[in-house]
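K.L.:
Fold the following, please.
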Amino acid sequence: MEHVKTLIQSKFKSLSLVTLALAFSAIALMIRMKLNKSFFFLFLIWNIFLTIIPFAITMYLNTKPNLSRLKLVVWFVIWLAFLPNAPYIVTDLIHLKESTYHLMWLDILVVLSFAMTGLFLFYLSVLDMQRLISQKFKRISISFITISLMFLCGFGVYLGRFLRYNSWEILSQPQNLFLDILDMIIFPMQYTGAWLFTLGFGSFLLVGYYILKYIDITNE
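P.N.:
Below is the predicted model of the structure:
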């Protein structure tokens, strides 16, 4: 219990900002629903919930000082399965095509607020996982893992946005997911759009990571 208290105190600044970002996003969404008399963007609540899961996992793991390497590897796989849900919200900007012109500015504000909150949670969770891995696996290159994570998440976002897979389907229909991924690997020239998206979105996440990494807000 004392370890949990210490963790919360050390993360107070980040948790406060996450709470503020979530509150602003929710208020902006409620104003949007009131003015537009539409519940169209209510799906953002579910998307932000999925975004919180990887952050909650790394917060939980930080409360376990005696975490074994095996348990960390298992949790890492689960964490990685949910991690693309965080940056995925950025692609919800595609729904702006459904907006009415006179209130499009509000729709942009709503989606961007959720997207930025998702990205903030994403980077905080990645930084936490970095620390956990470096503590348990001292010989592993954190830079290599981080770069790989960004592009894996870019690929994961593609699977979610364009092939409509979600994290749960890794368990519910792994054969379909595996076959689709295998097909893209074996016949890459037939899926140039997928690889271009993965490269572009992964680079976007990587640039954001290096920017945020050196902002004082992430230095606990």
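K.L.:
What are the buried residues along stretch 97-114?
P.N.:
Buried residues in stretch 97-114, counted by 16 or more other Cβ atoms under 10 Å: 99, 106-107, 109-114. Placement of C-beta: from N, CA and C, glycine included.
K.L.:
Can you pull out the low-pLDDT segments for this structure?
P.N.:
1-10, 216-220 (pLDDT under 70).
K.L.:
burial of residue 182, as a residue count?
P.N.:
Neighbour count of residue 182, defined by other Cβ atoms under 10 Å: 10.
K.L.:
secondary structure element for it?
P.N.:
Assigned by DSSP states H and E, residue 182 belongs to helix 174-186.
K.L.:
With residue 22 instead?
P.N.:
helix 12-36.
K.L.:
quick one: contacts of that helix?
P.N.:
8, 38-39, 41-42, 44-45, 48, 55, 100, 103, 106-107, 109-110, 113-114, 116-117, 120-121, 124, 217-218, 220 (Cβ atoms under 8 Å, 6 or more residues apart in numbering).
K.L.:
Residue 160 contacts residue 169, doesn't it?
P.N.:
No: with contact defined as Cβ atoms under 8 Å, residue 160 does not count as touching residue 169 (9.7 Å).
K.L.:
between these two, who's got more neighbours?
P.N.:
residue 160 (19 against 16).
K.L.:
could you measure the more buried one against residue 60, distance?
P.N.:
Distance, residue 160 to residue 60, by Cβ to Cβ, to the nearest Å: 24 Å.
K.L.:
May I have the phi/psi pair for the spatially most central residue of the chain?
P.N.:
For the chain, residue 86 is the residue whose C-alpha lies nearest the centre (Cα atoms, centre = their mean; 2.0 Å). Backbone torsions of residue 86, given as degrees, to the nearest 10, read phi -70, psi -60.
K.L.:
mind listing what it touches?
P.N.:
50-51, 54-55, 118-119, 121-122, 125, 153.
K.L.:
For it, which non-adjacent residue is spatially closest?
P.N.:
Among residues not flanking residue 86 along the chain, residue 122 sits closest, at 3.5 Å (Cβ to Cβ, 6 or more residues apart in numbering).
K.L.:
for residue 39, same thing?
P.N.:
Using Cβ to Cβ, 6+ apart, the nearest residue to residue 39 is residue 33, at 5.9 Å.
K.L.:
Nothing else from me, thank you.
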